[in-house]
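> Structure, please.
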Amino acid sequence: MSSTGLQGRSVVVTGAGSGIGRAAALAFAREGARVLVADLDREGAEGVVAAIAAEGGTARAVVGDLGEQQVVDRVVETAVAEFGGLHVLVNNAGIMDRFSAAADTDDAEWERVLRVNLTAPFLLTRAALPHMLAAGRGAIVFTASEAALRGSAAGTAYTASKHGVVGLVKSLAVMYRAKGIRANAIAPGGTATSIRVDARADTHGPAVLGGHAGNMGRIAAAEEQAAAIVFLASDAAVNVNGAVLPVDDGWSAV
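Here you go, the predicted structure:
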């Protein structure tokens, strides 16, 4: 029997087809949770479902762009219909920017990064909240970033999006703590995942940010970030609300 209180719980993990999301989905399943794997990549999502099933767990996949309301609705409706509710939401899906400085950030880069990293988690949280409120409890965990804590870890769009995530976390914590709902975030430092940066080294942003790269410290495994996510979602963190937990080998302390 799991000591985390996650046994039998319904958990949605976004961006769960690879990287931190995949590691988190597998970790929740090992705690006895039933996991809805949401990702844009069908092969990745279905591979995680198969991996969970191979270990004796229960999972379902929903494939689509979480920036679209109909996909968000399908994620929540599937979790509720298949698993009898929605107890934990992990807003993990995200993309990097091109490390662009503000003057070099075009509308397309800004709008895409903000849509994926901030608007999509908001839409999913808004859709999940009625089910959590009806149950009188719920845990929402976001993957923020070291870039949510400083201005020297990414470009303008990504940095703004992750600072926005922290604001969303804190607002949720204040608004819904009396309703039994907790909202927290991890702030990963350098982590071995499939996320890629398409940056031009000769532009202003990468040239500036390169000078700060030495502070990053050790590169974490995705499983280390997943362990922090599971902790924040679990009963072990029942009095943790509105927190942003750096998982960064002390980068945020430098």
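> make it CA atoms for all contacts and neighbour counts henceforth
Noted.
> where exactly do the helices run in this protein?
Ranges of helices in the chain, per DSSP state H, are 19-30, 42-54, 69-83, 107-114, 120-135, 156-176, 204-209, 222-233.
> Grab the CA positions of the fifth one and hand them over as CSV.
Provided in CSV are the C-alpha atoms of helix 120-135 (Å, rounded to 0.1, in the frame of the first residue of the first chain):
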residue,chain,number,x,y,z
ALA,A,120,-2.7,25.9,-21.8
PRO,A,121,-2.0,25.2,-18.1
PHE,A,122,-4.6,27.8,-17.2
LEU,A,123,-7.2,26.3,-19.5
LEU,A,124,-6.6,22.8,-18.1
THR,A,125,-6.6,24.1,-14.5
ARG,A,126,-9.9,25.9,-15.1
ALA,A,127,-11.5,22.8,-16.5
ALA,A,128,-10.2,20.6,-13.7
LEU,A,129,-11.3,22.9,-10.8
PRO,A,130,-15.0,22.1,-10.8
HIS,A,131,-14.3,18.4,-10.3
MET,A,132,-11.8,19.1,-7.5
LEU,A,133,-14.2,21.6,-5.9
ALA,A,134,-17.0,19.0,-6.0
ALA,A,135,-14.7,16.5,-4.3
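> ok and it relative to helix 156-176, angle-wise?
10 degrees (axes from the mean of the first three to the mean of the last three C-alpha atoms, to 10 degrees).
> likewise the last one?
With the same axes, to 10 degrees as the criterion, the two stretches helix 222-233 and helix 156-176 enclose an angle of 20 degrees.
> just the fourth one next, same as before
Using the same axes, to 10 degrees, the direction of helix 107-114 lies 30 degrees away from that of helix 156-176.
> mind listing what's buried in helix 107-114?
109, 110, 112, 113, 114 (16 or more other C-alpha atoms under 10 Å).
> In TSV: the residues you listed, plus pLDDT.
As requested, the buried residues of helix 107-114 are exported to TSV (pLDDT from 0 to 100):
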residue	pLDDT
109	95
110	96
112	96
113	97
114	98
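> Surely residue 234 is in contact with residue 5?
Yes: shown here, residue 234 and residue 5 form a contact pair, counting by C-alpha atoms under 8 Å, at 6.0 Å.
> remind me which residues of the stretch 1-150 of the chain are low pLDDT?
1-2 (pLDDT under 70).
> ok, now with 80
Counting by pLDDT under 80, the stretch 1-150 of the chain has low-confidence residues at 1-3.
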